[in-house]
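Engineer: no sequence on hand, only this structure:
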(Lines give C-alpha, C1' and ligand atoms only; values in the text may rest on other atoms or scores of the structure.)
Protein backbone atom coordinates (compact mmCIF):
# COMPACT_ATOMS: atom_id res chain seq x y z
CA UNK A 1 0.00 0.00 0.00
CA UNK A 2 1.19 3.51 -0.83
CA UNK A 3 0.04 6.76 0.76
CA UNK A 4 1.72 10.08 0.09
CA UNK A 5 1.03 13.77 0.59
CA UNK A 6 2.88 16.84 -0.53
CA UNK A 7 2.77 20.58 -0.94
CA UNK A 8 3.78 22.51 -4.07
CA UNK A 9 4.72 26.06 -4.97
CA UNK A 10 5.11 27.87 -8.34
CA UNK A 11 5.93 31.51 -8.85
CA UNK A 12 4.53 33.28 -11.94
CA UNK A 13 7.04 33.45 -14.78
CA UNK A 14 8.20 36.59 -16.60
CA UNK A 15 5.84 36.07 -19.55
CA UNK A 16 2.83 35.75 -17.25
CA UNK A 17 3.86 38.87 -15.34
CA UNK A 18 5.14 41.33 -17.95
CA UNK A 19 4.39 40.24 -21.54
CA UNK A 20 2.47 42.87 -23.50
CA UNK A 21 1.68 41.97 -27.09
CA UNK A 22 -0.07 39.76 -29.60
CA UNK A 23 -0.03 35.98 -29.10
CA UNK A 24 -0.09 34.89 -32.74
CA UNK A 25 -0.63 31.17 -32.12
CA UNK A 26 -3.65 31.94 -29.92
CA UNK A 27 -5.15 34.79 -31.94
CA UNK A 28 -5.31 37.05 -28.87
CA UNK A 29 -3.58 39.99 -27.22
CA UNK A 30 -2.04 39.55 -23.77
CA UNK A 31 -1.48 42.41 -21.34
CA UNK A 32 0.79 42.45 -18.25
CA UNK A 33 -0.35 41.04 -14.89
CA UNK A 34 2.14 42.41 -12.40
CA UNK A 35 -0.04 41.60 -9.35
CA UNK A 36 -0.08 37.83 -9.85
CA UNK A 37 0.42 35.70 -6.76
CA UNK A 38 2.31 32.40 -6.60
CA UNK A 39 0.39 29.13 -7.02
CA UNK A 40 0.40 26.70 -4.12
CA UNK A 41 -0.96 23.16 -4.00
CA UNK A 42 -1.72 20.27 -1.69
CA UNK A 43 -1.49 16.73 -3.13
CA UNK A 44 -2.73 13.37 -1.86
CA UNK A 45 -2.02 9.97 -3.48
CA UNK A 46 -3.55 6.68 -2.36
CA UNK A 47 -2.68 3.42 -4.04
CA UNK A 48 -1.44 -0.16 -4.03
CA UNK A 49 1.37 -1.93 -5.88
CA UNK A 50 2.22 -5.61 -6.37
CA UNK A 51 5.28 -7.05 -8.12
CA UNK A 52 7.02 -10.39 -8.55
CA UNK A 53 9.60 -11.66 -11.04
CA UNK A 54 7.20 -11.71 -14.02
CA UNK A 55 4.20 -9.56 -13.11
CA UNK A 56 3.68 -5.97 -12.02
CA UNK A 57 0.45 -4.10 -11.27
CA UNK A 58 -0.37 -0.84 -9.52
CA UNK A 59 -3.32 1.50 -9.04
CA UNK A 60 -3.50 5.01 -7.64
CA UNK A 61 -6.10 7.64 -6.83
CA UNK A 62 -4.84 11.22 -6.67
CA UNK A 63 -6.27 14.55 -5.61
CA UNK A 64 -4.38 17.77 -6.29
CA UNK A 65 -5.83 21.10 -5.16
CA UNK A 66 -4.18 24.27 -6.50
CA UNK A 67 -4.73 27.59 -4.75
CA UNK A 68 -4.38 30.89 -6.64
CA UNK A 69 -4.06 28.96 -9.88
CA UNK A 70 -2.86 31.14 -12.78
CA UNK A 71 -5.07 31.14 -15.89
CA UNK A 72 -5.77 33.54 -18.78
CA UNK A 73 -9.13 35.33 -18.68
CA UNK A 74 -10.71 37.76 -21.20
CA UNK A 75 -10.69 41.42 -20.18
CA UNK A 76 -14.21 42.89 -20.36
CA UNK A 77 -15.54 46.46 -20.32
CA UNK A 78 -18.45 47.91 -18.30
CA UNK A 79 -20.93 46.37 -20.76
CA UNK A 80 -19.47 42.88 -20.44
CA UNK A 81 -17.91 42.97 -23.91
CA UNK A 82 -14.38 41.63 -24.48
CA UNK A 83 -11.92 44.51 -24.93
CA UNK A 84 -10.21 44.66 -28.36
CA UNK A 85 -6.69 45.77 -29.20
CA UNK A 86 -5.21 45.67 -32.71
CA UNK A 87 -8.27 43.69 -33.77
CA UNK A 88 -7.63 40.94 -31.18
CA UNK A 89 -9.42 39.97 -27.97
CA UNK A 90 -7.50 41.12 -24.91
CA UNK A 91 -6.61 38.53 -22.24
CA UNK A 92 -4.88 38.87 -18.88
CA UNK A 93 -3.47 36.27 -16.52
CA UNK A 94 -5.31 36.17 -13.20
CA UNK A 95 -5.32 34.08 -10.04
CA UNK A 96 -8.32 31.76 -9.70
CA UNK A 97 -9.34 30.93 -6.17
CA UNK A 98 -9.03 27.13 -6.39
CA UNK A 99 -8.46 24.51 -9.11
CA UNK A 100 -9.11 20.88 -8.26
CA UNK A 101 -7.54 17.93 -10.14
CA UNK A 102 -8.74 14.42 -9.32
CA UNK A 103 -8.28 11.10 -11.06
CA UNK A 104 -6.89 7.60 -10.94
CA UNK A 105 -4.36 5.50 -12.84
CA UNK A 106 -3.96 1.73 -13.38
CA UNK A 107 -0.81 0.18 -14.78
CA UNK A 108 0.22 -3.46 -15.37
CA UNK A 109 3.02 -5.36 -17.09
CA UNK A 110 3.76 -9.07 -17.52
CA UNK A 111 6.74 -10.97 -18.97
CA UNK A 112 5.25 -13.47 -21.43
CA UNK A 113 8.21 -15.43 -22.76
CA UNK A 114 11.94 -14.83 -22.73
CA UNK A 115 12.55 -11.24 -23.80
CA UNK A 116 8.89 -10.44 -24.56
CA UNK A 117 6.56 -8.47 -22.30
CA UNK A 118 3.15 -6.83 -22.64
CA UNK A 119 1.70 -3.97 -20.65
CA UNK A 120 -1.27 -1.65 -20.44
CA UNK A 121 -2.41 1.40 -18.49
CA UNK A 122 -5.56 3.45 -18.01
CA UNK A 123 -5.83 6.99 -16.65
CA UNK A 124 -8.70 9.32 -15.93
CA UNK A 125 -8.33 12.96 -14.98
CA UNK A 126 -10.94 15.57 -14.07
CA UNK A 127 -10.25 19.24 -13.41
CA UNK A 128 -12.51 22.07 -12.43
CA UNK A 129 -12.56 25.54 -10.97
CA UNK A 130 -13.64 24.81 -7.40
CA UNK A 131 -15.36 28.22 -7.20
CA UNK A 132 -16.86 28.27 -10.73
CA UNK A 133 -17.31 24.67 -12.00
CA UNK A 134 -18.45 25.96 -15.43
CA UNK A 135 -15.04 27.52 -16.11
CA UNK A 136 -13.15 25.09 -18.48
CA UNK A 137 -9.80 24.91 -16.73
CA UNK A 138 -9.10 21.22 -17.34
CA UNK A 139 -6.35 21.43 -19.94
CA UNK A 140 -5.88 17.68 -20.23
CA UNK A 141 -7.44 14.49 -21.59
CA UNK A 142 -10.42 13.03 -19.82
CA UNK A 143 -9.24 9.44 -20.33
CA UNK A 144 -6.12 7.77 -21.68
CA UNK A 145 -5.61 4.09 -22.48
CA UNK A 146 -2.27 2.64 -23.57
CA UNK A 147 -0.95 -0.76 -24.59
CA UNK A 148 2.57 -1.92 -25.37
CA UNK A 149 4.47 -4.95 -26.64
CA UNK A 150 8.21 -4.98 -25.95
CA UNK A 151 11.16 -7.23 -26.79
CA UNK A 152 14.52 -6.97 -25.04
CA UNK A 153 17.42 -9.15 -26.18
CA UNK A 154 18.77 -11.37 -23.38
CA UNK A 155 22.13 -9.56 -23.44
CA UNK A 156 20.41 -6.17 -23.31
CA UNK A 157 21.97 -4.83 -26.50
CA UNK A 158 18.84 -4.66 -28.65
CA UNK A 159 15.24 -3.74 -27.93
CA UNK A 160 12.07 -2.98 -29.86
CA UNK A 161 8.67 -1.74 -28.66
CA UNK A 162 5.24 -1.13 -30.18
CA UNK A 163 2.90 1.28 -28.38
CA UNK A 164 -0.70 2.27 -28.94
CA UNK A 165 -2.38 5.14 -27.10
CA UNK A 166 -5.95 6.39 -27.18
CA UNK A 167 -6.64 9.77 -25.59
CA UNK A 168 -10.14 10.91 -24.74
CA UNK A 169 -11.73 14.30 -25.34
CA UNK A 170 -9.79 17.31 -24.19
CA UNK A 171 -11.23 20.57 -22.90
CA UNK A 172 -10.04 23.74 -24.62
CA UNK A 173 -8.45 26.45 -22.49
CA UNK A 174 -6.20 28.10 -25.10
CA UNK A 175 -6.34 31.83 -25.60
CA UNK A 176 -8.75 32.89 -28.33
CA UNK A 177 -11.02 30.60 -30.30
CA UNK A 178 -10.15 26.94 -30.87
CA UNK A 179 -11.07 26.02 -34.49
CA UNK A 180 -12.03 22.51 -33.29
CA UNK A 181 -14.61 23.86 -30.89
CA UNK A 182 -14.94 23.68 -27.12
CA UNK A 183 -13.38 20.21 -27.03
CA UNK A 184 -10.60 18.49 -28.93
CA UNK A 185 -11.94 15.09 -30.05
CA UNK A 186 -10.41 11.80 -28.97
CA UNK A 187 -7.56 10.38 -31.04
CA UNK A 188 -5.34 7.29 -31.36
CA UNK A 189 -1.56 7.17 -31.78
CA UNK A 190 0.66 4.19 -32.62
CA UNK A 191 4.41 4.15 -32.26
CA UNK A 192 7.13 1.65 -33.20
CA UNK A 193 10.63 2.21 -31.89
CA UNK A 194 13.77 0.32 -31.07
CA UNK A 195 17.42 0.71 -30.22
CA UNK A 196 20.84 -0.87 -30.15
CA UNK A 197 23.29 -0.27 -27.30
CA UNK A 198 26.78 0.30 -28.71
CA UNK A 199 28.56 2.13 -25.90
CA UNK A 200 28.50 2.12 -22.12
CA UNK A 201 29.58 5.39 -20.55
CA UNK A 202 30.90 5.34 -17.03
CA UNK A 203 34.02 4.04 -15.35
CA UNK A 204 36.13 5.45 -18.17
CA UNK A 205 36.36 8.45 -20.46
CA UNK A 206 35.05 6.77 -23.59
CA UNK A 207 33.17 3.70 -22.46
CA UNK A 208 33.45 0.37 -20.82
CA UNK A 209 36.60 -1.68 -21.00
CA UNK A 210 37.65 -4.79 -19.10
CA UNK A 211 39.31 -3.97 -15.77
CA UNK A 212 42.34 -6.03 -16.74
CA UNK A 213 43.04 -3.63 -19.62
CA UNK A 214 42.60 -0.31 -17.87
CA UNK A 215 46.23 -0.09 -16.72
CA UNK A 216 47.87 -1.53 -19.85
CA UNK A 217 50.97 0.60 -20.55
CA UNK A 218 51.06 2.53 -23.83
CA UNK A 219 54.60 1.31 -24.37
CA UNK A 220 53.21 -2.09 -25.31
CA UNK A 221 52.08 -0.54 -28.61
CA UNK A 222 54.39 -0.35 -31.62
CA UNK A 223 54.45 2.04 -34.58
CA UNK A 224 52.37 -0.42 -36.61
CA UNK A 225 49.42 0.09 -34.27
CA UNK A 226 49.31 3.77 -35.28
CA UNK A 227 49.12 3.10 -39.04
CA UNK A 228 45.26 3.12 -39.01
CA UNK A 229 45.41 6.80 -37.99
CA UNK A 230 47.19 7.59 -41.26
CA UNK A 231 44.89 5.32 -43.27
CA UNK A 232 41.84 7.14 -41.88
CA UNK A 233 43.30 10.49 -42.97
CA UNK A 234 43.89 9.14 -46.48
CA UNK A 235 40.29 7.88 -46.69
CA UNK A 236 38.95 11.26 -45.54
CA UNK A 237 40.78 12.95 -48.42
CA UNK A 238 39.95 10.29 -51.01
CA UNK A 239 36.20 9.77 -50.42
CA UNK A 240 35.09 13.40 -51.05
CA UNK A 241 36.87 13.43 -54.42
CA UNK A 242 34.96 10.39 -55.64
CA UNK A 243 31.74 11.82 -54.21
CA UNK A 244 32.18 15.10 -56.08
CA UNK A 245 32.75 13.18 -59.32
CA UNK A 246 29.50 11.28 -58.68
CA UNK A 247 27.67 14.58 -58.16
CA UNK A 248 28.99 15.80 -61.50
CA UNK A 249 28.06 12.63 -63.40
CA UNK A 250 24.83 11.45 -61.73
CA UNK A 251 23.21 8.96 -61.69
CA UNK A 252 26.54 7.01 -62.12
CA UNK A 253 25.72 4.41 -59.39
CA UNK A 254 29.22 2.94 -59.56
CA UNK A 255 30.68 6.22 -58.27
CA UNK A 256 28.06 6.41 -55.53
CA UNK A 257 28.99 2.93 -54.30
CA UNK A 258 32.71 3.69 -54.56
CA UNK A 259 32.44 6.90 -52.53
CA UNK A 260 30.41 5.07 -49.87
CA UNK A 261 32.90 2.21 -49.89
CA UNK A 262 35.90 4.49 -49.35
CA UNK A 263 34.09 6.29 -46.54
CA UNK A 264 33.27 2.98 -44.81
CA UNK A 265 36.86 1.90 -45.36
CA UNK A 266 37.81 5.00 -43.37
CA UNK A 267 35.28 4.20 -40.65
CA UNK A 268 36.88 0.79 -40.22
CA UNK A 269 40.39 2.22 -39.93
CA UNK A 270 39.08 4.94 -37.60
CA UNK A 271 37.89 2.30 -35.14
CA UNK A 272 41.37 0.75 -35.30
CA UNK A 273 42.92 4.15 -34.65
CA UNK A 274 40.52 4.76 -31.76
CA UNK A 275 41.49 1.46 -30.16
CA UNK A 276 45.17 2.28 -30.53
CA UNK A 277 44.81 5.70 -28.92
CA UNK A 278 42.17 5.07 -26.24
CA UNK A 279 42.02 1.33 -25.69
CA UNK A 280 39.49 -1.40 -26.39
CA UNK A 281 35.78 -0.58 -26.29
CA UNK A 282 32.88 -2.97 -26.98
CA UNK A 283 30.92 -0.53 -29.14
CA UNK A 284 33.99 0.42 -31.17
CA UNK A 285 34.79 -3.26 -31.68
CA UNK A 286 31.32 -3.96 -33.10
CA UNK A 287 31.59 -0.92 -35.39
CA UNK A 288 35.00 -2.18 -36.53
CA UNK A 289 33.72 -5.62 -37.40
CA UNK A 290 30.72 -4.30 -39.34
CA UNK A 291 32.60 -1.58 -41.24
CA UNK A 292 35.70 -3.69 -41.80
CA UNK A 293 34.90 -7.39 -42.03
CA UNK A 294 31.42 -6.90 -43.55
CA UNK A 295 31.67 -3.60 -45.44
CA UNK A 296 35.40 -3.24 -46.06
CA UNK A 297 35.32 -4.19 -49.74
CA UNK A 298 31.67 -4.96 -50.54
CA UNK A 299 30.56 -1.40 -51.53
CA UNK A 300 33.63 -0.98 -53.75
CA UNK A 301 32.88 -4.31 -55.39
CA UNK A 302 29.24 -3.36 -55.88
CA UNK A 303 30.35 -0.24 -57.74
CA UNK A 304 32.27 -2.45 -60.16
CA UNK A 305 29.17 -4.65 -60.56
CA UNK A 306 27.37 -1.65 -62.10
CA UNK A 307 30.17 -1.36 -64.68
CA UNK A 308 30.26 -5.04 -65.60
CA UNK A 309 26.60 -6.10 -65.52
CA UNK A 310 23.25 -4.70 -66.59
CA UNK A 311 21.56 -2.13 -64.35
CA UNK A 312 18.71 -4.55 -63.57
CA UNK A 313 21.06 -7.34 -62.50
CA UNK A 314 23.21 -4.92 -60.51
CA UNK A 315 20.16 -3.60 -58.65
CA UNK A 316 19.11 -7.13 -57.71
CA UNK A 317 22.58 -7.96 -56.45
CA UNK A 318 22.59 -4.71 -54.46
CA UNK A 319 19.36 -5.67 -52.71
CA UNK A 320 20.67 -9.15 -51.91
CA UNK A 321 24.00 -7.80 -50.65
CA UNK A 322 22.39 -5.21 -48.38
CA UNK A 323 19.99 -7.78 -46.91
CA UNK A 324 22.85 -10.22 -46.24
CA UNK A 325 24.95 -7.54 -44.53
CA UNK A 326 22.02 -6.38 -42.39
CA UNK A 327 21.46 -9.92 -41.09
CA UNK A 328 25.17 -10.33 -40.36
CA UNK A 329 25.31 -6.93 -38.62
CA UNK A 330 22.44 -7.84 -36.30
CA UNK A 331 24.42 -10.89 -35.22
CA UNK A 332 27.50 -8.76 -34.55
CA UNK A 333 25.49 -6.29 -32.49
CA UNK A 334 23.81 -8.96 -30.38
CA UNK A 335 26.65 -11.39 -29.71
CA UNK A 336 28.07 -11.42 -26.15
CA UNK A 337 31.76 -10.56 -25.76
CA UNK A 338 34.29 -12.83 -24.05
CA UNK A 339 36.26 -10.18 -22.16
CA UNK A 340 38.93 -12.68 -21.22
CA UNK A 341 40.09 -12.71 -24.86
CA UNK A 342 40.19 -8.93 -25.30
CA UNK A 343 43.57 -7.31 -25.98
CA UNK A 344 44.21 -3.71 -24.85
CA UNK A 345 44.97 -1.98 -28.15
CA UNK A 346 44.18 -4.56 -30.80
CA UNK A 347 40.94 -5.69 -32.40
CA UNK A 348 40.11 -9.29 -33.29
CA UNK A 349 36.89 -11.14 -34.02
CA UNK A 350 37.90 -14.00 -31.72
CA UNK A 351 36.36 -12.14 -28.76
CA UNK A 352 32.81 -12.81 -30.01
CA UNK A 353 31.13 -15.66 -28.16
CA UNK A 354 28.89 -16.37 -31.16
CA UNK A 355 31.71 -17.45 -33.44
CA UNK A 356 29.23 -18.49 -36.12
CA UNK A 357 28.70 -14.80 -36.83
CA UNK A 358 32.17 -14.79 -38.36
CA UNK A 359 30.99 -17.22 -41.02
CA UNK A 360 29.21 -14.36 -42.81
CA UNK A 361 32.40 -12.48 -43.67
CA UNK A 362 33.99 -15.13 -45.96
CA UNK A 363 30.93 -15.03 -48.23
CA UNK A 364 30.97 -11.22 -48.39
CA UNK A 365 34.74 -11.12 -48.91
CA UNK A 366 34.51 -13.72 -51.68
CA UNK A 367 31.87 -11.60 -53.40
CA UNK A 368 34.12 -8.55 -53.03
CA UNK A 369 37.13 -10.45 -54.36
CA UNK A 370 35.28 -11.70 -57.44
CA UNK A 371 33.92 -8.34 -58.52
CA UNK A 372 36.47 -5.85 -57.17
CA UNK A 373 39.72 -7.71 -57.80
CA UNK A 374 38.33 -9.80 -60.65
CA UNK A 375 36.57 -6.83 -62.25
CA UNK A 376 39.71 -4.70 -62.17
CA UNK A 377 41.79 -7.58 -63.56
CA UNK A 378 39.25 -8.15 -66.35
CA UNK A 379 39.30 -4.47 -67.28
CA UNK A 380 43.09 -4.45 -67.33
CA UNK A 381 43.02 -7.47 -69.64
CA UNK A 382 40.55 -5.77 -71.98
CA UNK A 383 42.64 -2.61 -72.25
CA UNK A 384 46.11 -4.19 -72.37
CA UNK A 385 46.58 -4.03 -76.17
CA UNK A 386 45.27 -0.51 -76.73
CA UNK A 387 47.95 2.16 -76.61
CA UNK A 388 45.28 4.85 -76.15
CA UNK A 389 44.04 2.98 -73.05
CA UNK A 390 47.40 2.52 -71.41
CA UNK A 391 46.24 4.65 -68.47
CA UNK A 392 43.27 2.37 -67.85
CA UNK A 393 45.43 -0.72 -68.02
CA UNK A 394 47.82 0.73 -65.43
CA UNK A 395 45.01 2.04 -63.27
CA UNK A 396 43.15 -1.25 -63.12
CA UNK A 397 46.33 -3.15 -62.27
CA UNK A 398 46.84 -0.81 -59.32
CA UNK A 399 43.20 -1.25 -58.24
CA UNK A 400 43.33 -5.04 -58.52
CA UNK A 401 46.47 -5.32 -56.40
CA UNK A 402 45.29 -2.66 -53.94
CA UNK A 403 41.96 -4.44 -53.46
CA UNK A 404 43.71 -7.76 -52.89
CA UNK A 405 45.98 -6.55 -50.09
CA UNK A 406 43.32 -5.93 -47.36
CA UNK A 407 41.98 -9.42 -48.06
CA UNK A 408 45.40 -10.83 -47.31
CA UNK A 409 45.46 -8.75 -44.14
CA UNK A 410 42.04 -10.08 -43.19
CA UNK A 411 43.26 -13.67 -43.47
CA UNK A 412 46.21 -12.78 -41.26
CA UNK A 413 43.79 -11.30 -38.71
CA UNK A 414 41.87 -14.57 -38.51
CA UNK A 415 45.20 -16.19 -37.60
CA UNK A 416 45.86 -13.60 -34.88
CA UNK A 417 48.13 -11.16 -36.76
CA UNK A 418 46.05 -7.98 -36.85
CA UNK A 419 49.12 -5.79 -37.45
CA UNK A 420 49.42 -7.25 -40.97
CA UNK A 421 45.93 -5.95 -41.72
CA UNK A 422 46.88 -2.43 -40.62
CA UNK A 423 49.80 -2.32 -43.08
CA UNK A 424 47.86 -3.87 -45.95
CA UNK A 425 44.92 -1.48 -45.49
CA UNK A 426 47.13 1.58 -45.92
CA UNK A 427 49.08 0.27 -48.90
CA UNK A 428 45.90 -1.08 -50.51
CA UNK A 429 43.99 2.22 -50.20
CA UNK A 430 46.93 4.19 -51.60
CA UNK A 431 47.17 1.83 -54.59
CA UNK A 432 43.41 2.09 -55.23
CA UNK A 433 43.68 5.88 -55.19
CA UNK A 434 46.59 5.79 -57.65
CA UNK A 435 44.60 3.43 -59.88
CA UNK A 436 41.56 5.69 -59.69
CA UNK A 437 43.64 8.70 -60.70
CA UNK A 438 45.08 6.83 -63.69
CA UNK A 439 41.60 5.77 -64.83
CA UNK A 440 40.16 9.29 -64.85
CA UNK A 441 43.33 11.09 -66.07
CA UNK A 442 44.62 9.83 -69.43
CA UNK A 443 47.28 12.55 -69.43
CA UNK A 444 49.10 10.72 -66.63
CA UNK A 445 50.27 8.21 -69.23
CA UNK A 446 50.63 10.73 -72.06
CA UNK A 447 47.34 9.85 -73.83
CA UNK A 448 44.93 12.32 -75.42
CA UNK A 449 41.55 12.26 -73.64
CA UNK A 450 39.43 12.08 -76.83
CA UNK A 451 41.53 9.23 -78.27
CA UNK A 452 41.29 7.43 -74.95
CA UNK A 453 37.46 7.65 -74.85
CA UNK A 454 37.11 6.42 -78.43
CA UNK A 455 39.47 3.51 -77.75
CA UNK A 456 37.59 2.61 -74.57
CA UNK A 457 34.29 2.29 -76.44
CA UNK A 458 35.98 0.21 -79.12
CA UNK A 459 37.56 -2.13 -76.56
CA UNK A 460 34.26 -2.65 -74.78
CA UNK A 461 32.44 -3.30 -78.02
CA UNK A 462 34.90 -5.98 -79.15
CA UNK A 463 35.39 -7.68 -75.75
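Structural biologist: Perfect, thanks for sending it. Just so we're clear, the structure is a prediction, and the values are computed from it rather than from any experiment.
Engineer: going forward, measure contacts between C-alpha atoms and count neighbours the same way
Structural biologist: Fine.
Engineer: for the stretch 201-350 of the chain, what spans make up the helices?
Structural biologist: 227-249, 253-278, 282-288, 298-308, 311-334 (DSSP state H, counting those that start in this stretch).
Engineer: those: which one's closest to residue 35?
Structural biologist: Within those, the stretch nearest residue 35 is helix 282-288; the backing value is 55.9 Å (C-alpha to C-alpha).
Engineer: give the rounded mean pLDDT of the closest one.
Structural biologist: Per-residue pLDDT over helix 282-288 has a mean of 90.
Engineer: what helices or strands is that helix leaning on?
Structural biologist: If you count contacts as 3 or more C-alpha pairs under 8 Å, 6 or more residues apart in numbering; DSSP states H and E, helix 282-288 packs onto helix 253-278.
Engineer: got the angle between the helix it packs on and helix 311-334?
Structural biologist: Per axes from the mean of the first three to the mean of the last three C-alpha atoms, to 10 degrees, the angle that helix 253-278 makes with helix 311-334 is 20 degrees.
Engineer: sorry, back to before: relative to residue 407, which of the helices of the stretch 201-350 of the chain is closest?
Structural biologist: Relative to residue 407, the nearest member of those by C-alpha to C-alpha is helix 298-308, separated by 11.5 Å.
Engineer: find the centremost residue of this protein, please.
Structural biologist: residue 195 (8.3 Å; C-alpha atoms, centre = their mean).
Engineer: assign a three-state SS to that one, would you?
Structural biologist: Of the three states, residue 195 takes strand under DSSP: H, G, I helix; E, B strand; the rest coil.
Engineer: state the distance from it to residue 347.
Structural biologist: Going from residue 195 to residue 347 by C-alpha to C-alpha, to the nearest Å gives 24 Å.
Engineer: same question, residue 439
Structural biologist: For residue 439 relative to residue 347 (C-alpha to C-alpha), the value is 34 Å.
Engineer: repeat for residue 125
Structural biologist: Counting by C-alpha to C-alpha, the gap from residue 125 to residue 347 is 55 Å.
Engineer: higher neighbour count, these two?
Structural biologist: residue 347 (25 against 18; other C-alpha atoms under 10 Å).
Engineer: leaving out the residues flanking it, which one is nearest to the more buried one?
Structural biologist: Leaving out its chain neighbours, the residue that sits closest to residue 347 by C-alpha to C-alpha, 6 or more residues apart in numbering is residue 285, at 6.7 Å.
Engineer: ok, the one you found touching residue 344?
Structural biologist: No: here residue 285 does not reach residue 344: they are 11.6 Å apart, not a contact under C-alpha atoms under 8 Å.
Engineer: quick one: closest of the helices of the stretch 201-350 of the chain to residue 369.
Structural biologist: Taking C-alpha to C-alpha, helix 298-308 is the member of the helices of the stretch 201-350 of the chain nearest to residue 369, at 7.5 Å.
Engineer: sheet-wise, list the partners of the lengthiest strand in the chain with their directions.
Structural biologist: If you go by DSSP state E, the chain has its longest strand at strand 88-113. Strand pairing for strand 88-113, determined by DSSP bridges: strand 28-31 (parallel), strand 55-74 (antiparallel), strand 84-85 (antiparallel), strand 116-129 (antiparallel).
Engineer: return the residues in contact with residue 328.
Structural biologist: By C-alpha atoms under 8 Å, 6 or more residues apart in numbering, the contact set of residue 328 is 294, 357, 360.
Engineer: one more time with 10 Å
Structural biologist: Residues near residue 328 by C-alpha atoms under 10 Å, 6 or more residues apart in numbering: 290, 294, 322, 357-361, 364.
Engineer: of the residues you listed, which is the most crowded?
Structural biologist: Ranking these using other C-alpha under 10 Å puts residue 294 first, with 25 neighbours.
Engineer: that one contacts residue 361, correct?
Structural biologist: Yes: taking contacts as C-alpha atoms under 10 Å, residue 294 lies within contact range of residue 361: 5.7 Å.
Engineer: bridging residues for residue 3?
Structural biologist: With DSSP bridges as the criterion, residue 3 is bridged to residue 46.
Engineer: what's the pLDDT at it?
Structural biologist: 87.
Engineer: what of residue 201?
Structural biologist: 45.
Engineer: quick one: end-to-end distance for stretch 273-282.
Structural biologist: In stretch 273-282, first residue to last residue: 15 Å (C-alpha to C-alpha).
Engineer: hmm, back to that, OK, contacts around the residue nearest to residue 347?
Structural biologist: Applying C-alpha under 10 Å, 6+ apart, the residues contacting residue 285 are 198, 268, 271-272, 274-275, 291, 332-333, 337, 346-349, 351-352.
Engineer: ok, residue 83 next?
Structural biologist: Residue 83 touches 29, 74-77, 89-91, counting by C-alpha under 10 Å, 6+ apart.
Engineer: what separates it from residue 91, distance-wise?
Structural biologist: For residue 83 relative to residue 91 (C-alpha to C-alpha), the value is 8 Å.
Engineer: hmm, back to that, overlap of the contact sets of residue 285 and residue 344?
Structural biologist: residue 275.
Engineer: so when I look at residue 423, I'm seeing a helix, right?
Structural biologist: Yes: assessed with three-state DSSP, residue 423 lies in a helix.
Engineer: could you measure from the closest residue to it other than its chain neighbours over to residue 286?
Structural biologist: Excluding the flanking residues, the one nearest residue 423 by C-alpha to C-alpha, 6+ apart is residue 227, at 6.8 Å. Distance of residue 227 to residue 286, computed by C-alpha to C-alpha: 20 Å.
Engineer: okay, residue 312: pLDDT?
Structural biologist: Residue 312 is given a pLDDT of 92.
Engineer: tell me the contacts of it?
Structural biologist: Going by C-alpha under 10 Å, 6+ apart, residue 312 touches 306, 318.
Engineer: begin at 30, not 1, for the rest of this chat.
Structural biologist: With the count now opening at 30, the last piece we talked about shows up as residue 341.
Engineer: ok, it to residue 328 distance?
Structural biologist: To residue 328, residue 341 is 17 Å away according to C-alpha to C-alpha.
Engineer: how about residue 456?
Structural biologist: 19 Å.
Engineer: which residues does residue 196 bridge with?
Structural biologist: Per DSSP bridges, residues listed as beta-bridge partners of residue 196: residue 173, residue 216.
Engineer: residue 100 and residue 195, how far apart?
Structural biologist: Distance from residue 100 to residue 195, by C-alpha to C-alpha: 27 Å.
Engineer: now residue 64
Structural biologist: 40 Å.
Engineer: of those two, which one has the most company?
Structural biologist: Taking other C-alpha under 10 Å, residue 64 and residue 195 do not tie; residue 195 has more neighbours (17 against 11).
Engineer: if anything else comes up later, I'll come back, but that's it for now.
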